[in-house]
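In: curious how this folds, go ahead:
(chains A and B)
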Amino acid sequence: MEGNLTPEQVVERLTRTCGSSIKETRITENREGVKKNPNYNIWIDLDRESLKEAIKTLMEIHYPHFSVISGNDEGDTIRLLYHFTIYYGTKHGEYTVTFGVRLPKADPSVPTISDLIPGTVFSEREKQEFLGVRVTGIPDSRRLFLPDDFPEGVYPWRKDETGIPVSMIKNLWEVGRPTDRPAPPAADKEMCDLEKDDGTPAPQKPQERREGQE
Amino acid sequence: MSEKSAKKAPYIVPIGPTHPALKEPVMFNFEMEGEVIKDVDFAPGQTHRGIEWMGMRRNPIQIVHLTDRICGICGVSHTFAFARAVEQIAGIEVPERGDYIRTILAEFERIQSHLLWAGVAAHELGFDSLLHLTWRVREQSMDVIENLTGNRVNYGIVQVGGVRRDIVPEQHKIIEDCLSTYEGLLSKLVTLFLEDRSIHMRCRDTGVLSKEDALGLCTVGPTARASGVNVDLRQDYPYAAYGDLDITAILPDQHMGETRGDVYDRIVVRLLEVGQSCGIIRQCLDQMPSGPVTAEAKLAKLLAICKKAQGEAIGRVEAPRGECFHYVRMDGKEAPANWKVKASSYSNLMSWIPMLRGEQIADIPIIVASIDPCLSCTDRVAVIRGRSRSVLTKEDLHRLSVEKTRRIQS
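Out: Residues are numbered from 1 along each chain as shown, chains lettered A, B, ... in the order given. Next comes the predicted model:
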């Protein structure tokens, strides 16, 4: 733990390099178990222009572990959250550091950070397809999870008209058996005929039970 | 090889898209030169289920049953991480006993997951008697999990605010029996895996991931630790009962005196972690505080609390495969405004590329399995040479792997 900055010092160091482009900073502390040892989470909202600068500063403090980018459709803007952790490998010393950037929907572009940390390309590809943001300079802009035949211009996590349209939602109980498949090897079993009396006791009808309960 | 086909090298060997070495099928494209992998590319997401999309239309009490089903093995980890995020937003304080029970469950999950993986690894190398041994001994941990939660998989025990069942004194004996069995077995398992000549030959210096690559590609869990990256949430980031316990991340050089970052080191880390988990469970049982196991047992009340919650939080836990990360944002509605799940394998997949480059086709099954993507094996491979096409089934790949073991033994 010696030599590691406190969460406040980390925020201060980042504020010094990124200056006025930092909009908001927040440190949350969480204590669990019997001894209530704290874990710290640092949240920093900043302009997208200084995102790379902030990550470079973080890399100077300690080579960060990049977890994932999460994103949120806020109406006129898309907020991307870059989740990192620093000081792993020290007992109880790890902090999460989250950089939030807001991108206007008219120009949802953000620079790639995969030149700094190569492992981020995976998450950037995912954000492109799920939120419709544009990652400039991304070395690999293919889709990641969505299938090749997924329509262009539909972004599953958007909450506006480019989100998943109602027509794409399949309710499992409405879908039924596909008709364009080869016939199943065995014929469907005949549906059990409830009215037919074959000596076994008939199942209780659900309607009767409901009346009894009320 | 005839001159004609030699001109066409490198060959492209696609594996997948149905490839149960992952819980979701994945499409691999190998660029081969003879038996050697020159380059590799892969496309995940063949069965993306849109669980996050579903979650953003459901309330947290419903979501815990979705998170139970994200992974067939990490039923505790995902729910644990999600519940921790929601608890932080809603200001719910989990009772101390609830924290301890969550920790015990998470460690049993790790034991059964690592033993399952060890069996798969042995099978991929053609060492089936070892597969049968590890899977037989794994059953005892599954029995304990069933005894504690009621289920072998999809445990349904972690709830926002705590857990749904207590551990009563009568269950301590069952847990204790299981732990002493494993502690007695562990030295035998370590000998069987680490001192076996064929395992050593097939795994030493195979599928190497350097520390620099492990850091740059954001790897987590045993895969990162085997490459010498000191990262373990249980040590670094106190949550649940882990902050009370004495935990040190297991790195291969503690046992082997050096770190090579190969498949062998990944076996070392996982086997030793089984012993570590037994120790953690024992510490938890000894120090278990009394009291309630959940902050709010009435689901209607719990839901009312969650509905009022506003804010964002991160829930992280150390799953058997590494960091499991959930980001949740609630804005005073029933369903979360935003939910992002990052499973541990999400961070580990990119490390396949440096691991597989330069290795042989017969090493694909063990290297792909070595990051523990999820525990089944290569299903079928279509090899395209020119216009002719032959399909290698999982059995063929397995045979190739067994033959390689025999070849280098003789």
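
In: please count neighbours and contacts with C-alpha atoms only from this point.
Out: Noted.

In: what's the closest non-adjacent residue to the residue in the stretch 101-250 of chain B that chain A sits nearest to?
Out: When distances are taken as C-alpha to the nearest C-alpha, the stretch 101-250 of chain B reaches nearest to chain A at B:Leu217, 3.8 Å away. Excluding its sequence neighbours, the residue lying closest to B:Leu217 (C-alpha to C-alpha, 6 or more residues apart in numbering or on different chains) is A:Gly119, at 3.8 Å.

In: that neighbour looks like it's in a helix, true?
Out: Yes: assessed with DSSP: H, G, I helix; E, B strand; the rest coil, A:Gly119 lies in a helix.

In: any idea how many residues pack against it?
Out: Counted with other C-alpha atoms under 10 Å in any protein chain shown, residues neighbouring A:Gly119 total 27.

In: is it correct that it is in contact with B:Ala214?
Out: No: A:Gly119 lies out of contact with B:Ala214 (C-alpha atoms under 8 Å); the separation is 9.2 Å.

In: ok, back up a step: quick one: neighbours of the residue of the stretch 101-250 of chain B closest to chain A, just the number.
Out: 26.

In: got a list of what it touches?
Out: B:Leu217 makes contact with A:Ile117, A:Pro118, A:Gly119, A:Thr120, B:Ser347, B:Asn348, B:Met350, B:Ser351, according to C-alpha atoms under 8 Å, 6 or more residues apart in numbering or on different chains.

In: most neighbours out of the residues you listed, which is it?
Out: When neighbours are counted by other C-alpha under 10 Å, A:Gly119 leads the contacts of B:Leu217 with 27 neighbours.

In: can you pull up the most central residue in chain A?
Out: Most central in chain A under C-alpha atoms, centre = their mean is A:Ser70, positioned 4.3 Å from the mean C-alpha point.

In: could you check how far that residue is from chain B?
Out: 6 Å (C-alpha to the nearest C-alpha, to the nearest Å).

In: mind listing the strands for chain B?
Out: Using DSSP state E, the strands of chain B run over B:11-15, B:27-33, B:36-43, B:158-159, B:162-163, B:310-319, B:322-331, B:338-342, B:380-385, B:388-393.

In: in which helix or strand would I find A:Tyr40?
Out: Applying DSSP states H and E as the criterion places A:Tyr40 in strand A:37-46.

In: what's the first helix or strand after that strand?
Out: Counting by DSSP H and E, what follows strand A:37-46 is helix A:51-61.

In: quick check: next helix or strand after that following helix?
Out: Counting by DSSP H and E, what follows helix A:51-61 is strand A:65-73.

In: past that following strand, which element shows up next along the chain?
Out: For strand A:65-73, the following helix or strand on the C-terminal side (DSSP H and E) is strand A:77-86.

In: with just CA atoms, put that next one into PDB.
Out: In PDB, the C-alpha atoms belonging to strand A:77-86 read as follows (Å, rounded to 0.1, in the frame of the first residue of the first chain):
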ATOM      1  CA  THR A  77     -26.700  12.000 -25.800                       C
ATOM      2  CA  ILE A  78     -25.100   8.700 -25.400                       C
ATOM      3  CA  ARG A  79     -23.000   8.300 -22.200                       C
ATOM      4  CA  LEU A  80     -20.100   5.800 -22.500                       C
ATOM      5  CA  LEU A  81     -18.400   4.600 -19.300                       C
ATOM      6  CA  TYR A  82     -14.900   3.300 -19.400                       C
ATOM      7  CA  HIS A  83     -14.300   1.100 -16.400                       C
ATOM      8  CA  PHE A  84     -10.700   0.500 -15.200                       C
ATOM      9  CA  THR A  85      -9.100  -0.700 -12.100                       C
ATOM     10  CA  ILE A  86      -5.700   0.300 -10.700                       C
END
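
In: hmm, back to that, for the contacts of B:Leu217, work out which two are farthest apart.
Out: Based on C-alpha to C-alpha, the longest span within the contacts of B:Leu217 runs between A:Ile117 and B:Asn348 and measures 14.3 Å.

In: how near is A:Ile138 to chain B?
Out: Going from A:Ile138 to chain B by C-alpha to the nearest C-alpha gives 15 Å.

In: tell me who's in contact with that residue.
Out: Contacts of A:Ile138 (C-alpha under 8 Å, 6+ apart): A:Pro111, A:Thr112, A:Ser114, A:Val121, A:Glu124.
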